[in-house]
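>>> From the sequence below, what's the structure:
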Amino acid sequence: MIQRIQSVYLILGVLALAAVVLLGDLGRPAHEPVAWFVPGATVALCLSALLGLVALFLFKTRDRQRRIIVLTQYATLVCMAVILAGLSAAGTLPTTRVAVSANWELLALPLVAYVLFWLARRGVDADIKLLKSVDRLR
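Model (predicted):
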């Protein structure tokens with residue numbers, strides 16, 4: 001049984017962000033008015049994934065791990081904002097009328113990663129609470 005489920009959540013969140021970079025349409029040339037979108041989204045996604053990876057290896061210092069996870073959540077929100085702004089400015093924002101659109105994963109995977117990072121933060125908070133209660137009993 002996995003004792004630290006938040007590590008699994010962190011790995012899955014990092015993989016979700018990496019999937020956006022590797023499988024998304026970020027490699028295609030951008031239009032002139034939204035030329036900032038491709039490098040901006042790539043940098044924001046890589047920063048979020050890197051912060052999640054750093055948080056994964058900070059399992060010995062739970063307070064610092066929690067702070068890094070919160071930063072990762074903020075960076076993921078920035079990723080979603082950059083992607084949403086870029087797709088909106090390019091006029092390729094998916095609508096509900098479109099049955100299948102290639103841009104949905106650009107919006108959905110960072111949201112999934114955010115939820116996974118939130119679950120990881122809850123796991124770290126539970127560990128901190130458990131350790132405080134054990135220390136109180138000693």
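>>> in the chain, which spans are strands?
Ranges of strands within the chain: none, based on DSSP state E.
>>> At which residues are the helices of it located?
For the chain, the helices defined by DSSP state H occupy 5-23, 37-56, 62-90, 104-137.
>>> Turn the ones you listed into CSV, columns for mean neighbour count and mean pLDDT.
For every residue, glycine as well, the C-beta is placed using N, CA and C. Shown next, in CSV, are the helices of the chain (neighbours: other C-beta atoms under 10 Å; pLDDT from 0 to 100):
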stretch, mean neighbour count, mean pLDDT
helix 5-23, 20, 91
helix 37-56, 20, 88
helix 62-90, 19, 88
helix 104-137, 17, 88
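>>> so what's the nearest residue to R121 once chain neighbours are set aside up against?
Distances taken as C-beta to C-beta, 6 or more residues apart in numbering place I69 nearest to R121, at 4.6 Å, with adjacent residues excluded. Contacts were defined as C-beta atoms under 8 Å, 6 or more residues apart in numbering; by that measure I69 touches L10, G52, A55, F117, A120, R121, V124.
>>> Then V134?
Contacts of V134 (C-beta under 8 Å, 6+ apart): none.
>>> Relative to V124, how far out is it?
To V124, V134 is 16 Å away according to C-beta to C-beta, to the nearest Å.
>>> can you check L107 too?
The value you get for L107 to V124, if C-beta to C-beta is used, is 27 Å.
>>> again with V112
In terms of C-beta to C-beta, V112 sits 19 Å off from V124.
>>> Could you tell me how many residues sit around the nearest residue in space to R4 that is not next to it in sequence?
Closest residue to R4 apart from its sequence neighbours, by C-beta to C-beta, 6+ apart: F59 at 6.5 Å. Neighbours of F59 under the rule other C-beta atoms under 10 Å: 14.
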